[in-house]
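Participant: Here's my sequence, what's the structure:
(chains A and B)
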Amino acid sequence: MKAVLRNSWRAALLPVAVILVAQIAATVTQLESDSLASPLAIVSAFFSILADGSLMRATQDTLMAAFCGCVLGVCAGSLLGVVLGLFRLADDLLDLTIELLRPVPVVALIPVVMMLLGFGARMEIVIIALGLLWPSVVLARAAVKDVEPRLMEVSAVLQLRFSARLTKIVLPAILPQLFMSLKLAAGYALVVAVTVEITANPFGLGYGIMMAQQALRPAEMFAYLIWIGAIGWLVSLMLDAVQRRFFPAFSRGETR
Amino acid sequence: MAMTQAILQAGRNEMAGSVLRADEPRIRIRDVTLSYGALQIIGGISIDIAPGESICVIGPSGCGKTTLLRMLAGLARPTSGAVELDGSVLGGPDRSVAIVFQDYGKALLPWRTAAGNVSLALEARGCPAKERPAIIRELLEKIGLGRHADKYPSEMSGGMQQRLQIARCLAQEPKVLLMDEPFGALDAMTRQALQDEVLSLVATTGATMVFVTHDLEEAIYLGDRIVCLQPNPGRVGRMVDVRLARPRDQLVTREDPEFLRLRRELYDLIKDDHQ
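Facilitator: Numbers count the residues shown, from 1 in each chain, chains lettered A, B, ... in the order given. Here you go, the predicted structure:
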């Protein structure tokens, strides 16, 4: 973390320079546009949507949907993945089905799910969960198959019951990978949430960005865009911190 | 040559049988073979092991030492023949048969402390949670890890990790202790210290031990009997009784003329197999 702070001024150089140049260019050309906005105009638009409460409401809606979809999708997917990893028969039965379903882009599910559930948070949560399901299945299955075979032999020699084998050997062994899968899923959940809101759901940050664009308010549109980026960044920082705290060896291995 | 050995072998087995008729063998390996497809790994091994006896298995690499041990642990199934424990056929792993693996680093739970790793065996045999801490303390004390109960395996040296694995096996209260080249990866001093500890553990618990090693001197030092396996397929080449006084001592025992004679005998045997 210290290293991050020490180097942060270097990392901040480029964004700050871009903002400065944009502001200077906007001022010099006295920008009047339906598609671009000056940084200052974006900041003032940000504060106005913050003040009237629309930004916070949209943020809450999007994050709530992303969170629920993420938890639902990762839990269901990991559970299925663990079962497939443990039982050869289940894996053989479902392998082809999963490989056929996996490449279907989650965006293609929007019309289907919308027809079944209509607009609203429920439909968005289901689409996010479906989008995260298969990646979670694949990661959890690989993690279970990667559990040190020697440990499985130890549990066999100790004649551990299936439940004990699961809770005392398999789950602790794959926990770091499951968290890794959750971390990847969180970022993806936000992407899917905003996509659903932009394409279909009158709801959340994606809808906000759409409305601003259609009302020809570029400053507001960019304010939403930057806000979405900031949220994604914050979420990933938070999960990184959690990972460093609970799986130090694993996050070291990741950066190496 | 092989023929005469086989006959000698059969004679020996009969003799062993007559001696042991009074008390049943703890382990009876009954004409066990093991094949993977067309490849025969083990070709007909029969050994009786008495309760409390220490058997060391030696032989060139690829002779099926480890496979034999895995069959005794119930981790591998014989293609034909059977392994009997106290008169009943071993169908799979059994808690009363503990195995110490050579790769201690992989056999320990990295997310549990030393105490937690020992606890796993207690949990497995349904030992009440209240009684566990005292047993764990006693076992770790016994194996020389008393002060390291809260350390994780990654914070321990190889010797300490192997001690921990032995402690976990003892927590199973095994009748049979199987050891698969347990000290092969350790330095000479640590190895000798652990050899003596294993000897005293076996003496105090009365456990039956089957110890696989490629170190002839280790086999002589630890064993009551030494089984020399021959490869392709793995079979008993020779069985040698070790008539050295117990308790054994790293200096005195290793200077005993009988020790030197056995070393010579086994060395010649193994050398012949390699040619």
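Participant: Helices along the stretch 51-200 of chain A, start to end?
Facilitator: For the stretch 51-200 of chain A, the helices defined by DSSP state H, counting those that start in this stretch occupy A:54-86, A:88-101, A:109-117, A:121-145, A:149-157, A:162-164, A:171-199.
Participant: no, scratch that, I was asking about chain B
Facilitator: Along chain B, counting by DSSP state H, helices occupy B:2-20, B:65-72, B:104-107, B:114-124, B:132-142, B:158-171, B:188-205, B:216-222, B:252-255, B:257-274.
Participant: A:Tyr224: which of the ones you listed is closest?
Facilitator: Nearest to A:Tyr224, of all the helices of chain B, is helix B:114-124, at 49.6 Å by C-beta to C-beta. For the C-beta atoms, the positions are set from N, CA and C on the backbone; glycine is no exception.
Participant: show me the contacts for the residue of chain A positioned farthest from its centre.
Facilitator: Computed with C-alpha atoms, centre = their mean, the residue of chain A farthest from its C-alpha average is A:Val157, at 40.9 Å. Shown in contact with A:Val157 (C-beta atoms under 8 Å, 6 or more residues apart in numbering or on different chains): B:73-75, B:93, B:95, B:97-99.
Participant: Which ones among these map onto strands?
Facilitator: B:97-99 (DSSP state E).
Participant: Looking at the residues you listed, which one is closest to A:Asp34?
Facilitator: Closest approach to A:Asp34 among the ones in strands among the contacts of A:Val157 (C-beta to C-beta): B:Ile99, at 75.5 Å.
Participant: Mind picking the two most distant members of the contacts of A:Val157?
Facilitator: Top of the distance list for the contacts of A:Val157 (C-beta to C-beta): B:Leu75 and B:Arg95, 13.4 Å.
Participant: follow-up on the earlier one: what subset of the ones in strands among the contacts of A:Val157 is buried?
Facilitator: Neighbour counting by 16 or more other C-beta atoms under 10 Å in any protein chain shown classes B:97-99 among these as buried.
Participant: Against B:Pro233, how distant is B:Val89?
Facilitator: Distance from B:Val89 to B:Pro233, counting by C-beta to C-beta, to the nearest Å: 22 Å.
Participant: If we ignore the residues flanking it in sequence, what's nearest B:Ala73?
Facilitator: Nearest residue to B:Ala73, sequence neighbours excluded (C-beta to C-beta, 6 or more residues apart in numbering or on different chains): B:Ile99, at 4.4 Å.
Participant: check contacts around A:Leu205.
Facilitator: A:Leu205 neighbours (C-beta under 8 Å, 6+ apart): A:58-59, A:61-62, A:193-194, A:197, A:224, A:227-228, A:231.
Participant: redo that, cut-off 7 Å
Facilitator: A:58-59, A:62, A:194, A:197, A:224, A:228 (C-beta atoms under 7 Å, 6 or more residues apart in numbering or on different chains).
Participant: would you turn those into TSV with pLDDT, distance to chain B and neighbour count?
Facilitator: Formatted as TSV, those follow (pLDDT from 0 to 100; distance: C-beta to the nearest C-beta, whole Å; neighbours: other C-beta atoms under 10 Å in any protein chain shown):
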residue	pLDDT	distance to chain B	neighbour count
A:Ala58	94	41	23
A:Thr59	95	37	18
A:Thr62	95	36	27
A:Val194	95	37	26
A:Glu197	94	40	23
A:Tyr224	95	43	28
A:Ile228	94	37	22
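Participant: Just the closest of those residues to A:Tyr188, please.
Facilitator: A:Val194 (11.1 Å).
Participant: In contact with the nearest residue to the closest one once chain neighbours are set aside, which residues are there?
Facilitator: Among residues not flanking A:Val194 along the chain, A:Gly206 sits closest, at 4.0 Å (C-beta to C-beta, 6+ apart). Applying C-beta under 7 Å, 6+ apart to A:Gly206 gives the contacts A:62, A:193-198.
Participant: Now render those as JSON lines, adding distance to B:Tyr267.
Facilitator: Formatted as JSON lines, those follow (distance: C-beta to C-beta, whole Å):
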{"residue": "A:Thr62", "distance to B:Tyr267": "76"}
{"residue": "A:Ala193", "distance to B:Tyr267": "73"}
{"residue": "A:Val194", "distance to B:Tyr267": "75"}
{"residue": "A:Thr195", "distance to B:Tyr267": "74"}
{"residue": "A:Val196", "distance to B:Tyr267": "76"}
{"residue": "A:Glu197", "distance to B:Tyr267": "79"}
{"residue": "A:Ile198", "distance to B:Tyr267": "79"}
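Participant: Relative to A:Leu184, which of these is nearest.
Facilitator: Using C-beta to C-beta, these come closest to A:Leu184 at A:Ala193, 15.1 Å.
Participant: quick one: contacts for the closest residue to that closest one other than its chain neighbours?
Facilitator: Excluding the flanking residues, the one nearest A:Ala193 by C-beta to C-beta, 6+ apart is A:Ala66, at 4.3 Å. Shown in contact with A:Ala66 (C-beta under 7 Å, 6+ apart): A:128, A:189-190, A:193.
Participant: what does chain B have sitting close to chain A?
Facilitator: Neighbours of chain A within chain B, by C-beta under 7 Å from any C-beta of the partner chain: B:73, B:75, B:93, B:95, B:98-99, B:101, B:103, B:106-107, B:109, B:111, B:120-121, B:124, B:172.
Participant: One more pass at 10 Å, please.
Facilitator: Residues of chain B that fall close to chain A, judged by C-beta under 10 Å from any C-beta of the partner chain: B:70, B:73-75, B:92-99, B:101, B:103-112, B:116-117, B:119-125, B:154, B:165, B:168-169, B:171-172, B:174, B:178.
Participant: Can you select the buried ones from the residues you listed in ChimeraX?
Facilitator: Applying 16+ other C-beta under 10 Å to the residues of chain B next to chain A leaves a buried subset, and the ChimeraX line that selects it is:
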select /B:70,73,74,75,93,94,95,97,98,99,101,103,104,105,107,108,109,111,112,116,117,119,120,121,122,123,124,165,168,169,171,172,174,178
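Participant: re the thing from before, with pLDDT and distance to A:Gln30 added, can I get the contacts of A:Ala66 in TSV?
Facilitator: Formatted as TSV, the contacts of A:Ala66 follow (pLDDT from 0 to 100; distance: C-beta to C-beta, whole Å):
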residue	pLDDT	distance to A:Gln30
A:Ile128	96	43
A:Ala189	95	41
A:Leu190	94	36
A:Ala193	95	37
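Participant: distance of the residue of chain B most remote from its centre from chain A?
Facilitator: What lies farthest from the middle of chain B is B:Lys130; by C-alpha atoms, centre = their mean that is 31.7 Å. For B:Lys130, the distance to chain A (C-beta to the nearest C-beta, to the nearest Å) stands at 19 Å.
Participant: Phi, psi for that residue please.
Facilitator: With angles defined as degrees, to the nearest 10, B:Lys130 sits at phi -70, psi -30.
Participant: and chain A, which residues reach chain B?
Facilitator: A:148-151, A:153-161, A:164-165, A:168-169, A:172-173, A:175-176, A:247, A:249.
Participant: Now list the buried members of these.
Facilitator: By 16+ other C-beta under 10 Å, those give A:148, A:151, A:153-155, A:157-160, A:165, A:168-169, A:172-173, A:176, A:247 as buried.
Participant: Which one of these is nearest to chain B?
Facilitator: Checking these against chain B by C-beta to the nearest C-beta gives A:Leu158 as the nearest, at 3.8 Å.
Participant: In contact with that closest one: list those residues for me.
Facilitator: A:164-165, A:168-169, B:93, B:95, B:98, B:120-125, B:168-169, B:171-172 (C-beta atoms under 10 Å, 6 or more residues apart in numbering or on different chains).
Participant: Let's have the contacts of A:Ala66 in TSV, adding neighbour count.
Facilitator: Below are these laid out as TSV (neighbours: other C-beta atoms under 10 Å in any protein chain shown):
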residue	neighbour count
A:Ile128	29
A:Ala189	30
A:Leu190	25
A:Ala193	31
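Participant: just those residues now: which is nearest chain B?
Facilitator: Distances from chain B to the contacts of A:Ala66, taken by C-beta to the nearest C-beta, are shortest for A:Ala189, at 27.8 Å.
Participant: which residue packs closest to residue 196, ignoring adjacent ones?
Facilitator: Because you didn't say which chain, this covers chain A. A:Glu124 (4.9 Å).
Participant: To clarify, I was referring to chain B.
Facilitator: Nearest one to B:Asp196, counting by C-beta to C-beta, 6+ apart, is B:Gln250 at 6.8 Å.
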